[in-house]
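In: coords please:
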Amino acid sequence: MASLSPSPKLQFFDANGAPLSGGKLYTYAAGTTTPLATYTDYGAGTPNANPVILDSRGEASVWLGSLAYKLVLKTSADASVWTVDNMNHGDTATLAVLAASGGSALVGYINGGSGAVATTVQAKLRESVSVLDFGADPTGVNDSTNEIQAAIDAVSAAGGGDVLFPPGDYLIATSTGTTSLLPSAASMSYCVELKPDVRLYGESVDTVQFFGNWTYGTTATNTSQLIMLALLSTPGGAGFYLENIVFRNCMVPIYRPGIISGKFSSISYGGCAFSAIIQEAERFQWDGMGTNGGAGVCIGGWLDPAGSIAVPDAGGWADKCQFRNFNYIRTSTTWGTPENNIDTFFNDNFFIDGGSGGGSIAYRGVCSIPLFIVGRYNRASFNTRIMDFFDFGGCRPVIYGGPEYELAIQNINMEQVGYVDYSILQALGRNVVDPWNATTMKNAIDLTANSGASIVIDVFATAIAAQAMVPTDIGNLLGIIAAVDSADPTALTLRPYSKNSLVNTSFPYGINMLPGIATPPRMRISTVAIGSVAYGSFGTDTLYTAATIYAAAIFVPTNFAFTVIGILKGSVTTNNKIIVALYDAAGTLVANSNLAGTNTSATANAFQEVPLTASYTAIGPAKYYIAVQCNGATDYVRLIAGSTFIDVETQKLDGGVFGTLPAITPAGTFTANTGPIAYIY
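Out: Now for the predicted structure:
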């Protein structure tokens with residue numbers, strides 16, 4: 001793009017319009033008679049004489065400096081022609097405009113990549129807001145509560161986005177509002193309100209600290225203290241987001257009296273009573289949490305459904321969530337008043353027992369539990385993954401909760417954990433006595449938090465391991481403890497651990513079923529969770545295509561000997577024949593039933609169990625595929641209609657010959673109505 005050239009030299013004229021030959025240009029500082037030099041070139045290397053003497057054409061090279069000038073033009077005989085005051089060169093005026101608050105809107109910006117869209121520097125810089133833009137103090141000397149809130153409000157008003165915290169310590173200790181503690185009638189003051197779709201993120205891990213004035217073990221643990229970060233707004237489909245934040249010296253760092261969704265990443269705590277208190281979570285991810293004591297993440301609480309205390313909703317569930325990379329390190333080797341006060345605070349405000357009819361449960365505390373999920377009104381949690389937890393020095397379960405359906409637990413590691421067993425005077429890990437029960441050894445995972453039965457459905461648990469634990473009676477050391485319905489134990493499906501699990505010698509796979517079942521219920525691995533939906537409306541009722549192979553993936557967490565496959569039949573059975581099969585992760589056939597086929601039984605919408613020709617020992621952890629083939633096209637089968645949170649691969653292979661089971665090519669994806677609802681044991 002071309003532009004108009006500036007005049008290479010200044011030319012001056014007399015009153016008659018003739019060139020002012022020999023004229024004189026006097027230059028002064030604006031508003032004065034103090035001479036101020038001009039220059040012969042842009043580089044300002046050589047000053048002009050003052051006055052500047054014009055040539056025969058009335059011209060001269062005059063370059064102004066950065067200051068404002070007064071120019072006085074005279075003839076060669078010093079007769080005045082004109083005077084102009086407060087003159088600036090064009091660059092100075094432009095810089096003044098750009099230096100103004102709106103100047104960045106005048107400067108263009110475009111990314112260097114192909115297809116990039118042009119914008120302004122102002123729009124680009126406003127894509128991320130720094131709390132320093134609003135006056136927050138990263139030294140921690142001045143309280144930054146109001147400045148942080150102003151930054152959050154500005155981003156929220158613009159439709160959401162990021163609030164950046166450069167490295168530093170930010171004091172957040174000013175009350176700005178109050179919120180109710182559900183289900184109790186109490187309230188607490190909070191400092192900062194986080195808004196939906198506004199992400200607070202530290203510039204890098206462990207360099208940004210939010211700290212308050214609460215001191216662990218010294219300051220009272222009650223409702224007169226402050227919540228540092230309250231999540232009060234109704235998201236309306238939006239989520240809450242935190243990343244790279246360290247909370248320090250705060251009783252309740254995060255409080256959410258409602259459903260939380262979104263994502264927290266790399267959140268750490270020091271000297272806090274709780275990590276977070278949340279009413280319920282749905283489609284929420286927490287990836288990376290570290291704390292050195294107190295209570296971990298507390299979701300829900302308890303409320304007897306027959307009680308007299310009313311709350312807006314049940315609360316307490318964690319549906320379709322992921323909790324991973326939690327590190328709980330308890331540095332204290334004693335249990336005393338601070339820990340009891342944390343338990344009491346949660347009991348008084350979040351664990352309310354109505355006291356009649358609904359089957360109340362005993363309060364067992366929250367301090368020293370990294371993840372606590374207890375549904376109010378016995379509300380269950382569905383489709384949640386918990387993985388990669390490390391607990392050092394804790395004296396309660398790593399995970400405490402219930403009811404739970406389709407819960408995946410993986411890689412739970414404990415070191416120097418547990419508490420004193422008075423019956424044998426044997427310190428199990430750290431010498432810490434838990435007032436909940438000082439005579440029972442530690443459970444890694446405790447899912448007994450319920451008043452009803454059949455609460456643990458399709459729990460998948462692998463690699464539950466422990467170090468530095470020297471119990472004298474390994475039979476009392478449980479990997480997982482769960483309540484079931486003693487009247488119908490087969491209603492529960494609990495998948496086994498890996499060989500690294502804590503093993504109770506009385507029960508296989510380190511699993512203990514309460515109350516007092518002599519042997520665990522049938523262990524079965526299913527393609528999808530079974531038991532919460534009536535079989536007649538489960539999946540898609542589909543007419544078999546003769547000789548088509550229908551397959552769905554399962555995950556086998558440990559070595560396991562299989563002898564039977566169960567297939568959920570559809571609404572019509574006409575005595576066709578079916579063959580069931582098991583394929584490995586590569587799609588190679590490893591086991592099958594009689595290739596002549598097994599007659600379908602007469603009962604519709606029910607599982608038919610078909611024995612394999614020989615027991616097959618699967619080597620886990622590994623993926624396998626359950627498959628079924630039918631010889632006719634008059635029977636119906638129930639196929640998986642929708643993907644579950646724990647992803648399942650499904651596929652079908654058409655155009656085959658009944659009794660011939662070729663290798664399959666694993667699809668690696670889910671396709672509706674191609675995989676059977678089935679189980680194997």
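In: Going by C-alpha atoms from here, please, whenever you check contacts or count neighbours.
Out: Fine.
In: Quick check: which element contains Val155?
Out: helix 145-157 (DSSP states H and E).
In: Quick check: chain neighbours aside, which residue is closest to Gly587?
Out: With sequence-adjacent residues excluded and distances taken as Cα to Cα, 6 or more residues apart in numbering, Gly587 is closest to Ile664, at 4.7 Å.
In: ok so, going back, mind exporting the helix holding Val155 as CSV, just the C-alpha atoms?
Out: Taking C-alpha atoms only, helix 145-157 is exported to CSV below (Å, rounded to 0.1, in the frame of the first residue of the first chain):
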residue,chain,number,x,y,z
THR,A,145,-9.8,-9.7,47.5
ASN,A,146,-11.6,-6.8,45.8
GLU,A,147,-9.2,-6.6,42.9
ILE,A,148,-9.5,-10.3,42.2
GLN,A,149,-13.3,-10.1,42.3
ALA,A,150,-13.2,-7.1,39.9
ALA,A,151,-11.1,-9.1,37.4
ILE,A,152,-13.5,-12.1,37.6
ASP,A,153,-16.6,-9.8,37.2
ALA,A,154,-15.1,-8.1,34.2
VAL,A,155,-14.4,-11.4,32.4
SER,A,156,-17.8,-12.8,33.4
ALA,A,157,-19.5,-9.7,32.0
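In: Mind listing the strands whichever helix or strand comes after that helix pairs with, and their directions?
Out: Heading C-terminal from helix 145-157, the first helix or strand you meet, by DSSP H and E, is strand 161-165. Strand pairing for strand 161-165, determined by DSSP bridges: strand 128-130 (parallel), strand 198-202 (parallel).
In: which strands and helices sit next to whichever helix or strand comes after the last one?
Out: Downstream of strand 198-202, the next assigned helix or strand under DSSP H and E is strand 208-211. Applying 3 or more Cα pairs under 8 Å, 6 or more residues apart in numbering; DSSP states H and E, one finds that strand 208-211 makes contact with strand 168-171, strand 240-248.
In: hmm, who's touching strand 208-211?
Out: Strand 208-211 has contacts (Cα atoms under 8 Å, 6 or more residues apart in numbering) with 165-173, 202, 244-250.
In: related to what we said a few turns ago, most tightly surrounded among the strands paired with strand 161-165?
Out: strand 198-202 (a mean of 24; mean count of other Cα atoms under 10 Å).
In: Could you give the separation of it from the chain centroid?
Out: 13 Å (Cα atoms, centre = their mean, to the nearest Å).
In: Measure how it sits relative to helix 145-157, angle-wise.
Out: Angle between the axes of strand 198-202 and helix 145-157 is 130 degrees (criterion: axes from the mean of the first three to the mean of the last three Cα atoms, to 10 degrees).
In: can you list contacts of strand 198-202?
Out: Against strand 198-202 from outside (Cα under 8 Å, 6+ apart): 152, 155-156, 160-167, 208, 240-245.
In: Checking my notes, the residue nearest to Gly587 in a strand, right?
Out: No: using DSSP: H, G, I helix; E, B strand; the rest coil, the assignment for Ile664 is coil, not a strand.
In: hang on, it packs against Thr588?
Out: Yes: using Cα atoms under 8 Å, Ile664 is in contact with Thr588, at 6.8 Å.
In: Break down the protein into its helices, ranges please.
Out: In the chain, helices defined by DSSP state H lie at 90-99, 121-125, 145-157, 337-350, listed in chain order.
In: Would you mark the buried spots in the last one?
Out: Which is helix 337-350. For helix 337-350, burial by neighbour count (16 or more other Cα atoms under 10 Å) applies to 338-347, 349-350.
In: now do stretch 145-157
Out: 145-156.
In: next one: stretch 184-200
Out: 184, 188-200.
In: so how far does that stretch reach from one end to the other?
Out: 29 Å (Cα to Cα, to the nearest Å).
In: For it, give the mean pLDDT please.
Out: For stretch 184-200, the mean pLDDT works out to 93.
In: per-residue confidence at the residue in the chain sticking out farthest from the centre?
Out: Taking Cα atoms, centre = their mean, the residue of the chain most remote from its mean C-alpha position is Ala77, at 83.6 Å. At Ala77, the pLDDT value in this model is 92.
In: and if you look at Val252?
Out: Note for Val252: predicted pLDDT of 97.
In: Tell me if I'm right that it and Gly270 touch.
Out: No: counting by Cα under 8 Å, Val252 stays clear of Gly270, with 11.7 Å between them.
In: show me the contacts for Glu280.
Out: Counting by Cα under 8 Å, 6+ apart, Glu280 has contacts 257-260, 299-300, 315-318.
In: just those residues now: which is nearest Thr27?
Out: Within these, distances to Thr27 taken as Cα to Cα reach their minimum at Ile260, with 69.7 Å.
In: The closest one: neighbouring residues, count only.
Out: Using other Cα atoms under 10 Å, the number of residues around Ile260 comes to 25.
In: so Leu582 makes contact with Ala591?
Out: Yes: counting by Cα under 8 Å, Leu582 does reach Ala591; the two are 5.1 Å apart.
In: Of the two, which one has the most company?
Out: Looking at Leu582 and Ala591 with other Cα under 10 Å, you find the greater number of neighbours at Leu582, namely 26 against 20.
In: Let me know the pLDDT of that one.
Out: 97.
In: Equivalent analysis for Thr669, please.
Out: 88.
In: my guess is it contacts Thr650, does it?
Out: Yes: contact criterion Cα under 8 Å: Thr669 and Thr650 qualify, at 6.7 Å.
In: and those two? which has more neighbours close in?
Out: In terms of neighbours (other Cα under 10 Å), Thr650 is the more surrounded of Thr669 and Thr650; the figures are 28 against 13.
In: mind listing what the more buried one touches?
Out: 550-553, 667-672, 674-675.
In: out of the helices of the chain, nearest to Thr179?
Out: Of all those, helix 337-350 comes closest under Cα to Cα, at 12.6 Å.
In: for the closest one, packing partners?
Out: Partner elements for helix 337-350 (3+ Cα pairs under 8 Å, 6+ apart): none found.
In: how close does Ala627 get to Thr671?
Out: The separation that Ala627 has from Thr671, given Cα to Cα, amounts to 15 Å.
In: Please identify which of the two sits among more neighbours.
Out: Ala627 (27 against 18).
In: pretty sure that one contacts Pro676?
Out: Yes: with contact defined as Cα under 8 Å, Ala627 and Pro676 form a contacting pair (7.2 Å).
In: what does the domain assignment say about the protein?
Out: Following automatic domain parsing, one finds the domains of the chain at 10-88, 96-125, 274-522, 535-680.
In: and those domains as CSV, adding distance to Asn222?
Out: As requested, those are exported to CSV (distance: least, Cα to Cα, whole Å):
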stretch, distance to Asn222
domain 10-88, 63
domain 96-125, 42
domain 274-522, 6
domain 535-680, 38
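In: among the ones you listed, where is the model least confident on average?
Out: Minimum mean pLDDT among the domains of the chain: domain 274-522, a mean of 61.
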